[in-house]
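>>> Provide a 3D model corresponding to the input given below.
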Amino acid sequence: MSPELINAIKERLSAGQTRTEIEAAVLAMGHQKEVFDAAFTLAEHDLKNNSVGALPKVTTLFVNGWDFAKSRLDLTLLLFVPLVLEVLASFYFNYNAEMDTFPPVPLLAMFIMLGVAYVVTLAMTLFVVTSKDSGGTLDAAMKWTVRNALPLLFIYILSALVVLGGFLFFIIPGIIVAIAITFAQYAFVKEGKSGMGALLASRDLVKGRWFVVTRKILGFVLLSLIPLLLFGMAYG
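Here you go, the predicted model:
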């Protein structure tokens, strides 16, 4: 059995792909179905017995994220539009602050609404991503977000308070806590854990692999910033 094939299947499993998606990709590479079945069984066994080493590479995260964004442009625009409008509004706020003038009330209200819109669209995106095997739609995502708005808001507030408490004990504890509860929203959306249960579930996911998760997050963020930096340099 090819170790390269098993590792490729493990990376795809760690990235959240389904067996059907992986099988189609493997068969397209020319492998027989019997070979895929055996390799898939071994890959699943390795992941279950070595969960710490199952995290995908940063490049794999980026490529899979990019591919998913291209396949779901509706989600991409859903996140992109309120975020860009909020950034533009913040620039205007900064301009008013430099001119010692108070921003117009309608603009202030729009800024708050855009912030809320981004949080809502982020929750909808998490729902669609975590339920993609069952064909998550925007309509179902909106209904789910409306039903779970208060528990989500409580998780946001609780996360902010916990991280703030960590930063009160200097920077490093705050960073440790922030990484540990990174997946609290995911735990709520995917597993239905709410409140402190979501934070504890995230902590359990990160436990034993804090440095690995931190490297993955930082690597992904830095890799994502490269296009923005290149655009800024070209624009400048």
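>>> which of the residues in the lowest-mean-pLDDT helix or strand in the chain are buried?
Of all helical and strand segments in the chain, the minimum by mean pLDDT, DSSP states H and E falls on helix 73-98, at a mean of 72. Burial within helix 73-98, assessed by neighbour count using 16 or more other C-beta atoms under 10 Å, is assigned to 75, 78, 79, 82, 83, 85, 86, 89. In short, each C-beta sits where N, CA and C put it, glycine included.
>>> Kindly provide the distance from the fourth one to residue 122.
In this case it means residue 82. The spacing between residue 82 and residue 122, counted by C-beta to C-beta, to the nearest Å, is 9 Å.
>>> got it, and residue 159?
Relative to residue 122, residue 159 is positioned 13 Å away (criterion: C-beta to C-beta).
>>> And for residue 138?
Computed as C-beta to C-beta, the residue 138 to residue 122 distance reads 13 Å.
>>> Kindly report the same for residue 83.
Distance, residue 83 to residue 122, by C-beta to C-beta: 9 Å.
>>> what about residue 72, how many residues close to it?
Applying other C-beta atoms under 10 Å, we find 17 residues neighbouring residue 72.
>>> Tell me which stretches of the protein form helices.
Applying DSSP state H to the chain gives helices spanning 3-14, 19-28, 33-49, 58-71, 73-98, 105-130, 138-147, 149-168, 171-180, 184-191, 196-206, 210-235.
>>> residues of the third one that come out buried?
In other words, helix 33-49. When neighbours are counted by 16+ other C-beta under 10 Å, the buried residues of helix 33-49 are found to be 36, 39, 40, 42, 43, 46.
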